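Enquirer: Next comes the sequence, and after it the predicted model I'd like to discuss.
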Amino acid sequence: MNDLPRNADPGEIDKFARLASRWWDPDGPFMPLHRINALRVGYIEERARLASARVLDVGCGGGILSEAMARRGASVVGIDLAADNLEAARTHAADAAELDLEYREVDIETIANEQPASFDVVTCLEVLEHVPEPERLIAACAKAVKPGGAVFLSTINRNLKSFLLAIVGAEYVLGMLPKGSHEYVKLIRPADLARACRSAGLAVEELTGMHYNPLLKSFWLGGNVDVNYFLHSTRPESV
């Protein structure tokens, strides 16, 4: 049983819940997530089998990633702490009864305690920079994944370049994200993220950058991790 306070910031939850009705608007405030979703799913599927896999999507929001992974044949549990987000996710999936997809209003630590070592894949994308204690979240992801399973994380680096591009550029100049979506002090350096993964018992397999060309309005993966980046880790079969 976990006696610690819930690892969540009510202000962050409310920030995204206020936009819940627009999760599935491809030109709305979550436009970047729609544009990068194929990249995200492709990155995951190249490194971990999704077909017939049991997948936990932590901080699933309106279900953009969860639904896409279910369409690849995964059995997906999407969890979030904002009821309005989950309602948007369930509503969008209502016409896709063939998908093996469940949404729950619960935190990752509860899931990890209820169902330890139960998931083939755990995803936690664009979430770590919004919680008070990212290390606790990572540890719970590591507890929830099966030995031999994969944990995928994504977040934003903390440096001057990321501040200028991911916050000033994306939020205030290009208007790709709502202003105030990110706080610089909550951003996470790759070395710190890798260290937290190893402390949780995960083996870091790869760090991959995600990049955006504002002229072509295109995203791609690879190269440096100066701004947005992914981390692929695995839970060893035995310690």
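Expert: That came in fine, so what should we check first?
Enquirer: Can you list the residue ranges for strands in this protein?
Expert: For the chain, the strands defined by DSSP state E occupy 54-58, 75-80, 101-105, 119-125, 145-156, 203-213, 218-221, 228-234.
Enquirer: among those, which gets the worst mean confidence?
Expert: Among these, strand 218-221 carries the lowest mean pLDDT, at a mean of 91.
Enquirer: List the buried residues of that strand.
Expert: 219, 221 (16 or more other C-beta atoms under 10 Å). Backbone N, C-alpha and C define where each C-beta goes, glycine included.
Enquirer: partners of it in the sheet?
Expert: Its sheet considered, strand 218-221 pairs with strand 203-213 (antiparallel) by DSSP bridges.
Enquirer: So what touches the strand it pairs with?
Expert: With C-beta atoms under 8 Å, 6 or more residues apart in numbering as the test, strand 203-213 has contacts from 36, 39, 43, 47, 154, 170, 190, 194, 197-198, 218-236.
Enquirer: Tell me the buried residues in that strand?
Expert: Neighbour counts using 16+ other C-beta under 10 Å place 204, 207, 208, 209, 210, 211, 212 of strand 203-213 among the buried residues.
Enquirer: Among the residues you listed, which one lies nearest to residue 181?
Expert: Using C-beta to C-beta, residue 212 comes nearest to residue 181 of those, at 14.8 Å.
Enquirer: Give the bridge partners for the residue nearest the centre of the chain, please.
Expert: What sits nearest the mean C-alpha location of the chain, by C-alpha atoms, centre = their mean, is residue 125, with 1.5 Å. Counting by DSSP bridges, residue 125 forms beta bridges with residue 154.
Enquirer: so what's it up against?
Expert: Contacts of residue 125 (C-beta under 8 Å, 6+ apart): 40, 59, 65, 152, 153, 154, 230.
Enquirer: Columns neighbour count and distance to residue 32 on top of the residues you listed, output as JSON lines?
Expert: JSON lines is the format used below for the contacts of residue 125 (neighbours: other C-beta atoms under 10 Å; distance: C-beta to C-beta, whole Å):
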{"residue": "40", "neighbour count": "23", "distance to residue 32": "11"}
{"residue": "59", "neighbour count": "26", "distance to residue 32": "16"}
{"residue": "65", "neighbour count": "25", "distance to residue 32": "13"}
{"residue": "152", "neighbour count": "23", "distance to residue 32": "18"}
{"residue": "153", "neighbour count": "29", "distance to residue 32": "17"}
{"residue": "154", "neighbour count": "22", "distance to residue 32": "12"}
{"residue": "230", "neighbour count": "21", "distance to residue 32": "15"}
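Enquirer: Now do the longest helix along the chain: everything it contacts.
Expert: Longest helix in the chain by number of residues, with DSSP state H as the criterion: helix 31-47. The list of residues contacting helix 31-47 from outside it, by C-beta under 8 Å, 6+ apart, reads 25-26, 50, 61, 64-65, 68-69, 72, 121, 123, 125-126, 150, 152, 154, 170, 176-177, 205-206, 208, 210, 217, 219-221, 230, 232.
Enquirer: And stretch 167-180, by the same measure?
Expert: Under C-beta under 8 Å, 6+ apart, the answer for stretch 167-180 is 15, 19, 29, 31, 32, 181, 182, 184, 212, 214.
Enquirer: Repeat that for stretch 186-197.
Expert: Counting by C-beta under 8 Å, 6+ apart, residues outside stretch 186-197 touching it are 128-130, 134-135, 138-139, 142, 151, 153, 155-159, 162-163, 166, 203-204, 207, 225, 229, 231, 233.
Enquirer: State the mean pLDDT of that stretch.
Expert: Averaged over stretch 186-197, pLDDT sits at 97.
Enquirer: any idea how far residue 149 is from residue 64?
Expert: Look at residue 64 and residue 149: by C-beta to C-beta, to the nearest Å, they are 22 Å apart.
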